[in-house]
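Engineer: predicted model, plus sequence, below.
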Amino acid sequence: MNRRTLTALGRAGGLLGVAAFGQLVGLVMLVATALSYLLGLVFLLPPAVRLVRATTRLQRRLAAEWSGVTIDEPYRPAPPPPQPQRDGWYREGRNLYKTPRIPAFNRRLTWLTNDPATWRDFAYLLVNPWTGGLIVGIPVMLAVTGIPALLDGNLLGLLTLVIALTSAPAVAPWSVRVHGQIAHALLAPTEKARLAQRVSHLARTRIDAVDSQAAELRRIERDLHDGAQARLVAIGMTIGAAEQLVDSDPAAAKAMLAKASEASATALRELRQVVRGIHPPVLAERGLGDAVRALLLDTPLTSHVTVDLPTRPDAPVESAAYFAVSELITNAVRHGGASEVWIDISHQGTALRITVTDDGRGGADPERGTGLRGIERRLAAFDGVLAVSSPVGGPTTAVLELTRALEETIPPLPRWKGATIGLCFGLCWIPLIPQGIVTMVMKLAGAPNRSWFLALYLPEPFQWPVIIGMICLGGAMLATAVTLTNQVKHAKVDACA
Amino acid sequence: MRVVIAEDLHLLREGLVALLRAHEFDVVAAVESGPELLAAMLRERPDVAVVDVRLPPTFTDEGLQAALAARREIPGLPVLVLSQHVEQLYARELLADGTGGVGYLLKDRVFNAGQFIDAVRRVADGGTAMDPEVIAKLLASNARNEPVGRLTPREREVLELMAEGRSNAAIGQRLFLSDSAVGKHTANIFAKLGLAPSDDDNRRVLAVLAFLNGRQAP
């Protein structure tokens, strides 16, 4: 008995215990469901479901940690709390309520009972002891039945004990693994639930994206309205006045024109600021790497930038990544008091990954900082994520990753490979079928007609070896073609992953 | 003085041609795209080229790339780059070969014809003309740099103007100082920054820019 077996046995025992406990919880749920649907005691249902979910959550965690089977949560997102109407009442269908308690409870109840995952959890708890539970129970049960029999002096007990001990190294880890797979069947989200989660995620990120776009547009409108637009009006008026004065007081007209020219320079400067906020010119001209370099040159930071990108990402992705990095750098300078920053822009398959590390004070928290929250929201529109590690005292490392940001780069097929695949697929059937299998049939049938079957023209002793050789050659060609094709396909998948 | 102009906006191109002709420049070519510009510069070998950064066909930094390529072919070919925005990154690339004869200005500077023509002449003579905005950013990012912090306000003003590429005489005119006073300030600046003094205006400017740029490895 080595350590691995002992661990597996311990885990099997644990899983058995959890299964038994789950059975109890399942019975509680059964009673709660019966009472709520038959007697209308609906208030029993939410706590029972909460208990069920806590148990299955434990099962999912154990499946991941012990059985190596990752099971995602299948639940629909919780309903938002009810909002009061303008008169302070809460409307729920045709009814009005003074406090949000009842509508909130109703929403919760509908959410819980309408979610198929609730009932799948319930079914799992009832079924599990009789499926996964039995399997993890095998080694334990063999021992349990063996020991009392042996104590009674029954030799059959010794036999079961020996079987239990000798089979344990193989059976125990296997049973833990199978338990996890069975749990996966009922506890994992169904394809429908997965799609529903994806849709609600997309709906949320779309709203965020539209909101932030609208806010951006309003900001730009305000900037233009208060800045360049107002200046252009002033310039127009100054030039008009200068026009009036040009005959009577040329000196004053000249002074006014100088003023107008000055104002136009200011307007240009303001426009440049606005443009920089919309889409920085360097980003358009040079791409992400140089735009980040240019950005860092304008800060007092010492910077180290490494860029490894095969292609330029799409403009919207590039811009989102740029503004995210820009915000991170601003944070590093303003809140972190950093003096040095390392930025690494790289790709992994089609994913774009940017790491920003600074030597500042640290202590940045995405939960509190609205800036980091903003970055997350902006990235979410492109299925991007931000991970920040910022212990107090520094250093701060932020990693942002945008999946599918880059065009997939498929390595070109080596010419010999393509030619071999084509040749093998194209010609393998000639030795395989007419010269191989069909000839064999003709030979077996003893047909008098030799037609164009090569082997039949040879002297008798060579006929069978040539037929078999032909079949082998054809088979080998087919196998080569299939293997090479699979290799190419895998290379493609790896490039996309 | 023979000039090549590259600018894709028709009105601005004609305006530049008219302005330079009015100041007795000989405009030998006025082109509107990157490849044309490179060909024109190599063919005409002008005394100075006035180039817009963003040009067709890609509307990225075609103009800058063409200018840099031409300077690789003909070292020291004077180029004055114009742009709607200025970036330290581009300034650094233009100055990288250390031969001078480069200018980098905002397009707005064309408004002030006198100063613009002065900048074109300076670049044609192998000097430099950096936009005040580039220099301001350059000094701002050197703010934590110890020797720059030790300069007096007056010396900082002189340093700014010097970095823009102006001669001692021009600096004196701008700040209402005598030539000897400017000379004293520049000597102080060079001593504080630890640079070897030089009588040659151009070389001095390049030394200052290299110092300010030297903060980070490019």
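Structural biologist: Noted; the coordinates are in hand. Numbers count the residues shown, from 1 in each chain, chains lettered A, B, ... in the order given.
Engineer: roughly how far apart are A:Pro448 and chain B?
Structural biologist: 75 Å (C-beta to the nearest C-beta, to the nearest Å). Placement of C-beta: from N, CA and C, glycine included.
Engineer: hmm, I typed the wrong one, I wanted A:Phe105.
Structural biologist: Applying C-beta to the nearest C-beta to A:Phe105 and chain B gives a distance of 58 Å.
Engineer: tell me how many other residues crowd that residue.
Structural biologist: 15 (other C-beta atoms under 10 Å in any protein chain shown).
Engineer: mind checking which helix or strand it is in?
Structural biologist: helix A:101-114 (DSSP states H and E).
Engineer: ditto for B:Leu64
Structural biologist: Using DSSP H and E, the element containing B:Leu64 is helix B:62-73.
Engineer: how long is stretch A:355-362 end to end?
Structural biologist: Distance between the two ends of stretch A:355-362: 15 Å, counting by C-alpha to C-alpha, to the nearest Å.
Engineer: residues in contact with that stretch?
Structural biologist: A:301, A:325, A:328-329, A:332, A:335-344, A:346, A:390-400 (C-beta atoms under 8 Å, 6 or more residues apart in numbering or on different chains).
Engineer: filter the residues you listed to keep only those in contact with chain B.
Structural biologist: Applying C-beta under 8 Å from any C-beta of the partner chain, the subset of the contacts of stretch A:355-362 adjacent to chain B comprises A:Ser339.
Engineer: which of the contacts of stretch A:355-362 are buried?
Structural biologist: A:301, A:325, A:328-329, A:332, A:335-336, A:338, A:341-343, A:390, A:394-398, A:400 (16 or more other C-beta atoms under 10 Å in any protein chain shown).
Engineer: restricted to helices, list these.
Structural biologist: A:325, A:328-329, A:332 (DSSP state H).
Engineer: doesn't A:Thr483 make contact with A:Phe425?
Structural biologist: No. Using C-beta atoms under 8 Å, A:Phe425 is not in contact with A:Thr483, being 11.9 Å away.
Engineer: and the two? Which one has more around it.
Structural biologist: A:Phe425 (16 against 12).
Engineer: and the end-to-end length of stretch B:167-185?
Structural biologist: First-to-last distance for stretch B:167-185 - C-alpha to C-alpha - comes to 13 Å.
Engineer: do stretch A:432-444 as well
Structural biologist: Start-to-end, stretch A:432-444 (C-alpha to C-alpha) is 17 Å.
Engineer: ok, back up a step: can I get the ones in helices among the buried ones among the contacts of stretch A:355-362 in TSV including pLDDT and distance to B:Gly149?
Structural biologist: Shown next, in TSV, are those (pLDDT from 0 to 100; distance: C-beta to C-beta, whole Å):
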residue	pLDDT	distance to B:Gly149
A:Val325	93	28
A:Leu328	90	27
A:Ile329	90	23
A:Ala332	87	22
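Engineer: which one of those residues is nearest chain B?
Structural biologist: Nearest to chain B among these: A:Ile329, at 12.7 Å, using C-beta to the nearest C-beta.
Engineer: now A:Ala78, nearest residue through space, not along the chain?
Structural biologist: Sequence neighbours aside, A:Trp111 is the residue nearest to A:Ala78 in space, at 6.4 Å (criterion: C-beta to C-beta, 6 or more residues apart in numbering or on different chains).
Engineer: count of residues packed around that neighbour?
Structural biologist: 17.
Engineer: got it, and the one 5 residues further on?
Structural biologist: The burial count assigned to A:Pro116 is 15, neighbours taken as other C-beta under 10 Å.
Engineer: ok, now A:His490?
Structural biologist: 10.
Engineer: tell me the spacing between it and chain B.
Structural biologist: 37 Å.
Engineer: how about the secondary structure of that residue?
Structural biologist: When states are read from DSSP: H, G, I helix; E, B strand; the rest coil, the local structure at A:His490 comes out as helix.
Engineer: okay, now the domains of the chain?
Structural biologist: Picking chain A for this. A:3-76+A:115-189, A:199-278, A:286-402, A:415-496 (automatic domain parsing).
Engineer: can you look at chain B instead?
Structural biologist: Using automatic domain parsing, chain B is parsed into the domains B:2-130, B:135-213.
Engineer: list the contacts of the helix holding A:Phe105.
Structural biologist: A:42-43, A:45-46, A:49, A:76, A:78-79, A:81-82, A:90-92, A:97, A:118.
Engineer: just the buried ones out of the residues you listed, please.
Structural biologist: A:45-46, A:49, A:76, A:82, A:90, A:92, A:97, A:118.
Engineer: in helices, which of those residues fall?
Structural biologist: Short answer: the buried ones among the contacts of helix A:101-114 in helices (DSSP H) are A:45-46, A:49, A:118.
Engineer: state the mean pLDDT of the next helix or strand after the helix holding B:Leu64.
Structural biologist: For helix B:62-73, the following helix or strand on the C-terminal side (DSSP H and E) is strand B:79-83. Model confidence over strand B:79-83 averages 93 on the pLDDT scale.
Engineer: just checking, what packs against strand B:79-83?
Structural biologist: strand B:48-52, helix B:62-73, helix B:88-95, strand B:102-106, helix B:113-124 (3 or more C-beta pairs under 8 Å, 6 or more residues apart in numbering or on different chains; DSSP states H and E).
Engineer: still on that earlier bit, also near chain B: which of the buried ones among the contacts of helix A:101-114, exactly?
Structural biologist: Okay, of those, nothing touches chain B (C-beta under 8 Å from any C-beta).
Engineer: circling back: so which of the contacts of helix A:101-114 are in strands?
Structural biologist: Among the contacts of helix A:101-114, the members found in strands (DSSP state E) are A:90-92, A:97.
Engineer: which two among the residues you listed are spaced furthest apart?
Structural biologist: Spanning the widest gap among these are A:Arg91 and A:Tyr97, at 7.9 Å by C-beta to C-beta.
Engineer: got the contact list for the residue nearest to B:Leu106 when sequence neighbours are not counted?
Structural biologist: The shortest distance from B:Leu106 to any non-neighbouring residue, by C-beta to C-beta, 6+ apart, is to B:Asp131 (5.2 Å). B:Asp131 makes contact with B:86, B:104-106, B:109, B:164 under the criterion C-beta under 8 Å, 6+ apart.
Engineer: using CSV, lay out these together with neighbour count and pLDDT.
Structural biologist: Formatted as CSV, the contacts of B:Asp131 follow (neighbours: other C-beta atoms under 10 Å in any protein chain shown; pLDDT from 0 to 100):
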residue, neighbour count, pLDDT
B:Val86, 25, 89
B:Tyr104, 29, 94
B:Leu105, 25, 94
B:Leu106, 20, 92
B:Arg109, 18, 88
B:Glu164, 24, 89
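Engineer: next, format those as a markdown table and append distance to A:Thr266.
Structural biologist: Output for these, formatted as a markdown table (distance: C-beta to C-beta, whole Å):
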| residue | distance to A:Thr266 |
| --- | --- |
| B:Val86 | 16 |
| B:Tyr104 | 21 |
| B:Leu105 | 17 |
| B:Leu106 | 13 |
| B:Arg109 | 14 |
| B:Glu164 | 20 |
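Engineer: closest to chain A out of those residues?
Structural biologist: B:Leu106 (7.9 Å).
Engineer: can I assume the closest one is in contact with B:Glu87?
Structural biologist: No. Checked against C-beta under 8 Å, the pair B:Leu106 and B:Glu87 is beyond contact range at 11.1 Å.
Engineer: now do the strands in the stretch 51-200 of chain A.
Structural biologist: A:90-92, A:95-97 (DSSP state E, counting those that start in this stretch).
Engineer: which helices and strands does the first one pack with?
Structural biologist: In terms of contact count using 3+ C-beta pairs under 8 Å, 6+ apart, strand A:90-92 is assigned the packing partners strand A:95-97, helix A:101-114.
Engineer: can you tell me which of those is packed in deepest?
Structural biologist: helix A:101-114 (a mean of 16; mean count of other C-beta atoms under 10 Å in any protein chain shown).
Engineer: one step back: got JSON lines for the domains of chain A, with distance to B:Leu209 too?
Structural biologist: Formatted as JSON lines, those follow (distance: least, C-beta to C-beta, whole Å):
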{"stretch": "domain A:3-76+A:115-189", "distance to B:Leu209": "57"}
{"stretch": "domain A:199-278", "distance to B:Leu209": "23"}
{"stretch": "domain A:286-402", "distance to B:Leu209": "14"}
{"stretch": "domain A:415-496", "distance to B:Leu209": "45"}
